[in-house]
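Engineer: Here's a sequence, model it:
(4 chains)
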Amino acid sequence: MSLDRRALAARIAQDIPEGSYVNLGIGAPTLISDYLPEGAEIILHTENGMLGMGPQPKPGEIDPDLINAGKIPVTELPGAAYFHHADSFAMMRGGHLDFCVLGAFQVSQHGDLANWSTGEPGAIPAVGGAMDLAIGAKQVYVMTDLLTKKGESKLVAECGYPLTGVRCVTRVYTDRAVFDVTPEGFAVIETFDTTVDELSSLTGLTLVDRTSIPEEA
Amino acid sequence: MSLDRRALAARIAQDIPEGSYVNLGIGAPTLISDYLPEGAEIILHTENGMLGMGPQPKPGEIDPDLINAGKIPVTELPGAAYFHHADSFAMMRGGHLDFCVLGAFQVSQHGDLANWSTGEPGAIPAVGGAMDLAIGAKQVYVMTDLLTKKGESKLVAECGYPLTGVRCVTRVYTDRAVFDVTPEGFAVIETFDTTVDELSSLTGLTLVDRTSIPEEA
Amino acid sequence: MIDKVRADAADAVSGIEDGSTVMISGFGRAGQPVELIDALIELGPRDLTIVNNNAGNGDVGLARLLANRQVRKIICSFPRQVDSWVFDGLYRAGEIELELVPQGNLAERIRAAGAGIGAFFTPTGFGTPLAEGKETRNIDGTDYVLEYPIRADYALIGGFLADRLGNVVYRKTSRNFGPIMAAAAATSIVQVDEVVEVGALDPEAVVTPGIYVDRVVAVGERPWLEHGVFVGADDAEGHRGTDAGTVAATEGGAA
Amino acid sequence: MIDKVRADAADAVSGIEDGSTVMISGFGRAGQPVELIDALIELGPRDLTIVNNNAGNGDVGLARLLANRQVRKIICSFPRQVDSWVFDGLYRAGEIELELVPQGNLAERIRAAGAGIGAFFTPTGFGTPLAEGKETRNIDGTDYVLEYPIRADYALIGGFLADRLGNVVYRKTSRNFGPIMAAAAATSIVQVDEVVEVGALDPEAVVTPGIYVDRVVAVGERPWLEHGVFVGADDAEGHRGTDAGTVAATEGGAA
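Structural biologist: Presented below is the predicted three-dimensional model:
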């Protein structure tokens, strides 16, 4: 059985060790924060200028001066710090975050990411912090369904959509399997009720099978 | 009668209006702070990370965490602010200071400044913030004796010593006269018991005489 | 005595003329200089270039400035939002120019302007459509794009507290673009809840030193604070109690 | 639980190996990580490249590290001082390499390393001997020199207070190079007077967020403070009362 969005968020949360500095982008990846191990100190960054971001506030306790990158009200945990936009993006660009998790339209077997524009004529472009996030962490993880609603693979040989970043993605978590980006292309490291052969067929890609190799500690 | 160092400092202080942001470098220009008009708010910058620098502390009240660029203990005035070195030099380089006053070995008629090295073989070079100060204010003033101890003019056609900055000096205050740097070369705007002819003779330069033109408000 | 305090928002924005480049701080509601934007609309200069992270929401603030046809060009990272209909309409009609900049490059270019940096090599955007036509260079194995400073004639900034010398502190994530815009503009105008005595701000915690600020105006405390202490709101626009629903409906709610 | 606190200075500097590049904060006495430097001398790695504003004073701290022949190269802005005899001797004997950098370029190059900037155009130093051989460019009428980041394996930093997450605040002008060095080094080690509880530092006033800090060590309060309150000293080295004269004489006094 493939994983639903929340189950996938929970799966990703398992791979984030205590002490990590993490940016969860906007949209689906923000669900991951609900599944981080209870009591484990993992420090969340939001690119609009904060480390130590906490969960959403209770009703009546909303602070319009305290929001995340998705412009959703959040809270402040003890040990937080605020900084301005140039400092915040310097933190990302300088490679100080351990993990960042992003959505995707397409990921190429070289680790190229397309997640900001489908390049449709007449569409109004908007990039926000996507390109900074794509290059802004030691590990750049993608969280996505393997297939689009039309059944096309989001894992591709080369991205057809406009790029967000070049050779930046290190791992892709999908509803069907987890893929590492390697010099040999995508390597399947874990499957959810499917096989590497089936994944090859769905993606049209030659995949490396690493499902039997235990992950390094 | 030519001006001594303190009289020259007092003369320069007259040209710094209230509300100015000023860096007085190290050495002789720091004397200027003693002559700023009583009660006028002029905000002193020290490049090691502070705006709102006050006078030297009383005995027993020295704070080793609070020093100026010359590593002399100073004090903090109400309304001060601290910042780190990159922010402090960004403030200078970005042209936010109104005035900076520096010493000089030589100033060329184009406004080139040499004040960090005499280029002697075997000398240990040291530049500190000199090159940043030279380009780091809207008005870069030099405070110096007109002549070296050997009687050579510090105002020159072209600097012979290694440069600190190119075309950066706007005005030179000396013990004998005040000179503006203009497209036509040095213009004498004020003399201290001497004449433009005598200054031409001492410097070996063609000087523009602006002593009779009242300064613009 | 130095006194940068202006009587009201209209006084604070006075002199902004047609054709100016105006930076406006804020990310979402946080740090948005609402009263200064309204005063700019009232003042009426046209043909402006606006630098902001977004391109306006709903029908208020920056969106109203756009709707009022005062803006020729906008430099931002994220114009398209659920409630950016004013910008969307103008853009589709070809009536506004857009320079789209990745958010971190936007911040760093603004920072470069204030810091006297002539240009810088950034890895962000390399190999993407937003780097097309730009100079690139491989340095020590990483590919970079050369980006230039963004300067402005004016910056409109939303702060929290200031003194008459122009020292400013912000609240939480409303800091965002304020400090770098204050340094990048020839004339920086800051609105705050309250002007405090000189000496009331901790010199260790001043975020924007007064050297970067030309004008300060107090616009009164926002509804989610009481005497500077957080008391909370019921939505991200800061509405409280029963009025939240009504006002949110007319304003389009939070992004 | 995150706990970056180390037992003592020796523990804090452990692992610094021969050939490392080590940044050391401080401008004069202010912000100098005295105990960490002493621990580095004790640890004994050789062939180091040191990044500091100066090149040591008197016979203590950085000067002693140099005298101990642990340093191959120094990157700094102002090596020559009245009491820099250790460096002077080594330099004249050709036993230490010097890279002289204007102070603002030094700061900006360190900042660039932490900020992921590949290189930047700075006006400082253009047309001077310190720009010889470097790439230059005229941008919008101003001449600039291209400068590259300075990165380090380790940074030794003198802070004031920290928590176990590595959040740091500084005191007054001792902030100087600390924040930018913390961001530019692979491993950043901060000494502070005292480690405080998480939550004790105001999030609006944290200068170095913990993300930049790997190790923290408390070295005790400096003599010019009592329970964090300034009580004053009689010289710039922080000596008080009758001991000032004696100690200053043996240490070479203030710069």
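
Engineer: Now do the contacts for residue A:14.
Structural biologist: Residue A:14 sits next to no residue when contact means C-beta atoms under 8 Å, 6 or more residues apart in numbering or on different chains. (C-beta placed from N, C-alpha, C; glycine too.)

Engineer: Give me the neighbour count for the residue nearest to residue C:26 when sequence neighbours are not counted.
Structural biologist: Leaving aside its chain neighbours, residue C:26 sits nearest to residue C:32 (3.3 Å; criterion: C-beta to C-beta, 6 or more residues apart in numbering or on different chains). Using other C-beta atoms under 10 Å in any protein chain shown, residue C:32 has 27 neighbouring residues.

Engineer: Which of the three states applies to residue C:32?
Structural biologist: coil (DSSP: H, G, I helix; E, B strand; the rest coil).

Engineer: before we move on, what about residue C:145?
Structural biologist: strand.

Engineer: Check the gap between it and chain B for me.
Structural biologist: 22 Å (C-beta to the nearest C-beta, to the nearest Å).

Engineer: so, in contact with chain B or not, the helix of greatest length in chain C?
Structural biologist: The longest helix of chain C (DSSP state H) is helix C:103-115. Yes. Looking at helix C:103-115 against chain B by C-beta under 8 Å from any C-beta of the partner chain, the contacts come from C:111, C:113, C:114, C:115.

Engineer: out of those residues, who's near chain D?
Structural biologist: residue C:115.

Engineer: Just send the residues of helix C:103-115 next to chain B back as TSV, with pLDDT and neighbour count too.
Structural biologist: TSV is the format used below for these (pLDDT from 0 to 100; neighbours: other C-beta atoms under 10 Å in any protein chain shown):
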residue	pLDDT	neighbour count
C:111	98	29
C:113	98	22
C:114	98	29
C:115	98	29
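
Engineer: quick one, helices of the chain?
Structural biologist: Just so you know, I chose chain A. A:5-13, A:85-93, A:130-134, A:196-203.

Engineer: try again with chain C
Structural biologist: So, for chain C - with DSSP H - the helices run C:9-12, C:34-43, C:62-67, C:85-92, C:103-115, C:178-184, C:243-251.

Engineer: Packing partners of the fifth one?
Structural biologist: Counting contacts by 3 or more C-beta pairs under 8 Å, 6 or more residues apart in numbering or on different chains; DSSP states H and E, helix C:103-115 is packed against helix A:85-93, helix A:130-134, helix B:85-93, strand C:119-122, strand C:142-147, helix C:178-184.

Engineer: If we use 7 Å, what do you get?
Structural biologist: helix A:85-93, helix B:85-93, strand C:119-122, helix C:178-184 (3 or more C-beta pairs under 7 Å, 6 or more residues apart in numbering or on different chains; DSSP states H and E).

Engineer: what about the third one, near chain D?
Structural biologist: Yes. Strand C:119-122 lies within reach of chain D by C-beta under 7 Å from any C-beta of the partner chain, at C:119, C:120, C:121, C:122.

Engineer: How about stretch A:49-62?
Structural biologist: Yes. For stretch A:49-62 and chain D, the contact criterion (C-beta under 7 Å from any C-beta) is met by A:51, A:52.

Engineer: Can you give the contact residues for that stretch?
Structural biologist: The contact list for stretch A:49-62 (C-beta atoms under 7 Å, 6 or more residues apart in numbering or on different chains) reads A:43-46, A:63, A:68, A:72-77, A:79-85, A:88, C:173, C:175-176, C:232-236, D:203, D:209, D:211.

Engineer: which one in chain A is furthest away from the centre?
Structural biologist: Relative to the centre of chain A, the most outlying C-alpha is that of residue A:60, 30.9 Å out, by C-alpha atoms, centre = their mean.

Engineer: What is the burial count for residue A:111?
Structural biologist: 23.

Engineer: coming back round to it: which ones are touching the residue nearest to residue C:26?
Structural biologist: C:26, C:61, C:158.

Engineer: Fine by me, we can end here.
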